[in-house]
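**Student:** With the input below, show me the fold.
(3 chains)
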Amino acid sequence: MKNGRNSESKYKLLNGLKIDRRSFLKLTAFIPGLFGGGRANGQLDVTKAHSFQENIRDSLKENWVATSCLNCSGRCAIRVRVVNGKAVRITGNPLSKISEGRVCPKAHIGLQVLYDPERIYSPLKRTNKDKGIGIDPKWISISWEEALDEIINRLISMRERGRTHQLLLFSGLNSISSEDLIRRFADAFGTPNLITENGLENETEKLGHWMADGHYEELVYDLDHTHYILAFGADLLESSRPLSRYLRKWGRLRREKSNRSKVVIVHPYYSITSAKSDEWIPISPGTDAALAMGIAHVIISEQLFDKEFISHWTTGFETYKKFVLSQSSPQWASKITGIPQETIYRIAREFSQTRPAIAIMGKEAIAWPEGSYASYAIFCLNALVGGIDRLGGILYQEVPTYKEMPRLVEDEVAKKGRNQPPIDFRRTPRFPAARVITNQIPESLLRDVPYPIQMAIGFNSNLLFSAPHKEQWDRALKKLPYYVHLSPFVSEMALYADLVLPTTTYLEEWGYDHSSSGSGSPELRIKQPAVRPRGQARSVTDILFEISKRVKGTVQHSFALLGGNSREFVKLRTSTLIPWKDLLSMGVWVGKGYQYKKYHSLFKTPSRRFEFYSGNLKNLFLEIGIERKEDFEFLPHYKEIRFLGERKQYPLILLPYQPLMMMGNGSQNYPWAQETFLPMQGMGWDTLVEINSETAKALNLKEGQSVWVESPFKKIRTRIKFSEGVHPEVVAIPMGQGHDAYGKWQKGIGVNPNEILGVDYDWISGQSAFYNTRVKVYPV
Amino acid sequence: MPRWGMVIDLDKCTGCQSCTIACKVENNIPHGSPQEQRLRREIYWNKVIAVTSGRFPSVKTELIPMPCMHCEEAPCVTVCPAKATYRREDGIIMQDFRRCIGCKYCMVACPYGARSFNYREQEAKEYHRPDPPPERRVWGPWPFPTRTHGVVEKCTFCFHRIDQGLKEGKRIGQEVVPACVEECPSRARIFGDLDDPHSEISRLLSSRGWFRLREEMNTKCKVYYLHR
Amino acid sequence: MSSPFTSIKGRSKGFRILTAILIGLTLAGFVSFIVSYTWGHYVFGTSNSVPWGMPIVITIYLIGLSAGSLILSSLTYVFKREEYRPISRVALFLAIVLIFGAMVGIALDLGRPEKSWRLFMFFVLNNMRSMFAINGILYGGYFLIGIVYFGAILAEKYKFIKRMGIVAVLWAALVHMGTGAIFGFIDARPIYFSPIKPFEFLAAAMVSGLALLIIVVVALFKFTKIELNKSLIFPLSRLLLVLVMILSMIVLIDKLTHLYSLDRASLLWLLTGHYAWVFWGLQVGLAYFLPILLLSHPRSKNTLRGVVIASFSVGIGIFGERFGLVIPGVAYPMPFYPGKIEGIWGAEASFPLTPIETLLSLGIFSLMGLFFLLGLKYLELIPIENQEGQRTESG
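**Tutor:** Residues are numbered from 1 along each chain as shown, chains lettered A, B, ... in the order given. Purely as a prediction, here's the structure:
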């Protein structure tokens, strides 16, 4: 203790506190405030403070930038407030017809995505040859020149040896402009192996749609006008796209119309959407097709269908009707789904008598083996009530007609390369209608079928995290001879890279975007930098331009007349739609209003009608050479699900669901997303497994206990929560946690249920099955 | 004198938590961490709670956003010794960080758990944003962009927006609203003058069934909820 | 008349060691305060669910001890019980030191201690409806009254002493009833809310103050090697028994009322949840049951050892009573909406004991101990042997 006069008087002056320099300075900042002049009456004079604020405010440079979000594939229009070069706030763009000026919470978290302190800002090169999770790559920073040189040399050598097809491109969540250029690069370079993440998303939805009317597209719903929503396995308020639209329209559907729309959710798990809907119908997992068929039975047998639409604009109805009436009684459906018969009758009658009504399918209903038929069955319900291209029914989203890119310049090498079969076996008898089978890649890489891959480039993909069966991805990525990963941070997949290039986040780059599901009218949204790119980050489009320039030859020529850089590319492509200055200031271009009932031109089927008996599928099978004799193979029907794992050994079914706060860019290193991660469970920063309380008691488990959730493939460890909102045979685990690559706010937190899923597909569309893995749960 | 209140329509609310996050952005609320959440030290000016009842399959979970209720008879105002929390004429319960001595009596007295204490300096947080305006050196009750540790904070109905809006002659409740109201995607939150019979909020309260939380506490709080 | 009191010489080895230990602990407490002041209260065990922690528990405990001590010292000066004169000065000085310690405790627990002067801006910057503000008047006044009173006693101004004594006793009672009102007037917390809280606190103050006094007196006489007149202690112990019985009756009524009330969930949790050991073990067991047993059982009630054990038991038990009020009272989740509130908002909070908080608490205790020892050395508090009418057996 210091003695002596001086310190004592200092001691006395400041209330007996001994302080270090830092807090002393802090205290002095408060000294004027300690005496609080003018505040004695309890009313604080705000205006005095405000003038000071204004002085500060006037000295700041502030502007609003219209751009679009990319935290999921919704790509909603946003406006960013930038002050002195720093983005401080994100809000919606009222000019967008899709979101009408609102955004989902993830858009605000974009600020943390942009200013993530653990982003990478220079190219990284791997020095530790060993690859794998938990293995330190021992990155060294290199310059862009060096990095590009490495890549270019390899690419050029592949061209020279005519092995261009051995380049594998992974495309994760990128803007449409980036996707267009990636595709162009793949075509110009000469590889058919462009693998997007679509194979993990909703390919079965597209297929069901296509089987009925030839549109291999996501389903779009007229949420503005519908009066009844029957959703199968859909988390409308959490994982639908574009989420901002669903959130906004929920408000409208409930209380901004003259009548309140009823929402019924059919799902094995009581999600937020189920909690907010009018009715939650727990269904045995994987049996949504049976329910759809049962409902169709009621609608048809009670003559509640839209006779006018059915008779004029559909074919195959008689075959369908015969099949439904003979095979799919509500009694049959009730036995399979576990839903009481009365409920099926009631829902069917409500659905068909509350017009317009829509039947929505979500991933949980259709990402199963034979999910295409479930998708088809659910989609046909919409046709039964005449909701195709009508007010309050199914819409057909129009896409902006960008200015066409100049013709691709190809040489022999490119032509030959592109004619090689893609390594995901799309459009083969294994996956006849598939456009991409994302989860097939590990097997193809490991077995070198149909040929080995020499080099891979990943654009913002984190497939190791979002695809099922992490273990096979781990082995496959280890085997890749050379892998370049492009993303703003070192994700799980980037850990296997030989080279990581730092890309910009969506708030720092140029691009154009449109969403595949919206309000029907085409809508273009610009991406323009709200802030300057941080560090040495470059956007994907700019990197591609640079690569094409250096690869030279026809690749360079294919990119030649596209503007030369990302900004000019965007300007070029949007020039036919809207003047550049207007696009920059408004951020959004909306096409003309949606036209309904375009029946004469709408259906892309052999009969030019909506088909209950899929002529498209029949023709495809003939083309590919698949033998199918029975009629029902081309009708919507229910096929018994095959599960991965034996019921006796693995009594429960794993349901990995996607919570709203799961960011779509492959990282969860954002505290705002983490602390609000699971609102239904009132907690964040963790994963837990929800199990029906009766089932849990039968298994002698205790609330909050640490358990292993084990599938036939792997096991993960987490904590139990007893729940009343889970089907007795199901355990539900949220996705989004379980990162182990980087990130103070995500590493080592929670577990990723995708890791223990097995590999299975809806074979027709190539969609990965996520929900048919059986597990067992036991205490640690 | 207007009497500001808020209505949260639980039928339109989607439980998305945009309000929580928008409030964090607007008021530069420091984020938490796993340890802080476990120890219940995270700061939420607006929280969304989930209340479950019933048994499978008749389970019901209600998701209820809870900002500060700005009670007419606020227990926190009664117990604050330093007049750091007080009721403004327009009904907003203010929180003056300059005066707050951090005794936490208000936290004990609040029946809604609306108040949070700053357990640490926030400059250490990486996502900390010392953004304008105003700076800490601006004396006034405006939410300091960086609060010092040791003071209690809570939702302020974004009074800074309201005051600035009033100065600019804008209509509060239509053109100027708190951040949570502005960012709610389903427009489930409505803000306005409870004493104005023509305001949207008065219209809603007269046409829908409403309730307030913990009505038995008689705090006469000014955040109303509309039934589903 | 020469003063019948003296001070200790304070040169013995024991004294020096004790002083050194206390100085060490005080410094440790001071350092922990500096740590909590610069880093923030995250070094404590408090949270948004349990905003009041150990320093508050200790503060109200000390206020109770102080008020009880002062009321007991007034037995001599106001109630004219001459047999307690030898210990009266010690009791009064103890009261002053304890209230000072309590005020230090409050100041150090504040989020912003440098603004603690705001607690004393009565009617100017203070909201006088707040029980904290009213208690500011009470504690500040109490401290001043105590000092004036003590000064008068040292200067032996007897008439003034009597009048002052009456004021002091009444004020002391108000002080701890005021502390009780801080808790009792908060209806957001069912365990706190009760009109009987001020009386419960007053009874607890008397009980704990008396127990402390007994312990201090016995220790003092032991260490200064003065023969203790047993007739001093046993009336006090009988008084202690009566007071403990009154206190336990008051607490019983309070808890029963809350059990009958339909808002009984948090009380049931206190009685059966993970803080039940504090209530049943410390409060009921050590503060009520064991002392009543010891002080009424013929084999122990007349032995010094029995009385001292009973006093220790009371001391610890009353500390447990304070803890069992403050922390479980806020740890139980509030029922915002009927049903089960999920996650962190509906979970019962816990209060971990942290090193900084513990050191700070120990530091407050040792600071008071230090002041007490200094008072013993430099002020005349110890009764001299061979007082008139107080003949001891042997020297």
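**Student:** tally of neighbours for A:Asp288?
**Tutor:** 28 (other C-beta atoms under 10 Å in any protein chain shown). Where C-beta positions appear, they are placed from N, C-alpha and C, glycine not excepted.
**Student:** Which helix or which strand is home to the residue nearest to it when sequence neighbours are not counted?
**Tutor:** Using C-beta to C-beta, 6 or more residues apart in numbering or on different chains and skipping residues adjacent in sequence, the residue nearest A:Asp288 is A:Ala365, 3.8 Å away. Of the helices and strands defined by DSSP states H and E, A:Ala365 is found in helix A:363-366.
**Student:** Same check on A:Ile133?
**Tutor:** Going by DSSP H and E, A:Ile133 is not part of any helix or strand.
**Student:** Could you check how far the nearest residue to A:Ser607 once chain neighbours are set aside is from chain C?
**Tutor:** Nearest non-adjacent residue to A:Ser607, counting by C-beta to C-beta, 6+ apart: A:Thr315, 4.4 Å away. A:Thr315 is 51 Å from chain C, where distance means C-beta to the nearest C-beta, to the nearest Å.
**Student:** just B:Lys60 next, same as before
**Tutor:** 8 Å.
**Student:** Just the buried positions in the lowest-mean-pLDDT helix or strand in chain B, please.
**Tutor:** Every helix and strand in chain B was compared by mean pLDDT, DSSP states H and E; the lowest is helix B:159-167, with a mean of 86. With burial defined by 16 or more other C-beta atoms under 10 Å in any protein chain shown, the residues of helix B:159-167 counted as buried are B:Phe159, B:His160, B:Arg161, B:Ile162, B:Asp163, B:Gln164, B:Gly165.
**Student:** Columns distance to chain A on top of the residues you listed, output as JSON lines?
**Tutor:** Below are these laid out as JSON lines (distance: C-beta to the nearest C-beta, whole Å):
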{"residue": "B:Phe159", "distance to chain A": "8"}
{"residue": "B:His160", "distance to chain A": "8"}
{"residue": "B:Arg161", "distance to chain A": "12"}
{"residue": "B:Ile162", "distance to chain A": "10"}
{"residue": "B:Asp163", "distance to chain A": "6"}
{"residue": "B:Gln164", "distance to chain A": "7"}
{"residue": "B:Gly165", "distance to chain A": "12"}
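**Student:** List the residues that contact the residue nearest to A:Asp288.
**Tutor:** Listed by C-beta atoms under 8 Å, 6 or more residues apart in numbering or on different chains, the contact partners of A:Ala365 are A:Phe232, A:Gly233, A:Ala234, A:Val266, A:Asp288, A:Gly371, A:Ala374, A:Ser375, A:Ile378.
**Student:** Could you do B:Arg40 as well?
**Tutor:** C:Ser47, C:Asn48, C:Ser49, C:Val50, C:Ile344, C:Ala349.
**Student:** Report the secondary structure element holding C:Val90.
**Tutor:** helix C:85-109.
**Student:** Please name the nearest non-neighbouring residue to C:Trp345.
**Tutor:** Using C-beta to C-beta, 6+ apart, the closest residue to C:Trp345 is B:Ile49 (4.6 Å).
**Student:** Name the residues of the helix or strand following the helix holding C:Val90 that are buried.
**Tutor:** Sequence-wise, the next helix or strand downstream of helix C:85-109 (DSSP H and E) is helix C:131-155. Within helix C:131-155, the residues scored as buried using 16+ other C-beta under 10 Å are C:131-139, C:142-143, C:145-146, C:149-150, C:152-154.
**Student:** From the chain's centroid, how far away is helix C:131-155?
**Tutor:** Here helix C:131-155 is found 16 Å from its chain centre; the criterion is C-alpha atoms, centre = their mean, to the nearest Å.
**Student:** Check which element follows that helix along the chain.
**Tutor:** Criterion used, DSSP H and E; the element after helix C:131-155 is helix C:158-184.
**Student:** Packing partners of that following helix?
**Tutor:** For helix C:158-184, the elements it packs on are helix C:54-77, helix C:131-155, helix C:197-223, helix C:304-331, judged by 3 or more C-beta pairs under 8 Å, 6 or more residues apart in numbering or on different chains; DSSP states H and E.
**Student:** Name the single longest helix found in the chain.
**Tutor:** Defaulting to chain A. helix A:144-160 (DSSP state H).
**Student:** wrong chain, I was asking about chain C
**Tutor:** helix C:230-260.
**Student:** Now do it against helix C:54-77, angle only.
**Tutor:** Interaxial angle, helix C:230-260 versus helix C:54-77 (axes from the mean of the first three to the mean of the last three C-alpha atoms, to 10 degrees): 130 degrees.
**Student:** next one: the next helix or strand after helix C:230-260 to chain centre, how far?
**Tutor:** On the C-terminal side of helix C:230-260, the closest following helix or strand by DSSP H and E is helix C:265-272. When C-alpha coordinates are averaged (C-alpha atoms, centre = their mean), helix C:265-272 and its chain have centres 25 Å apart.
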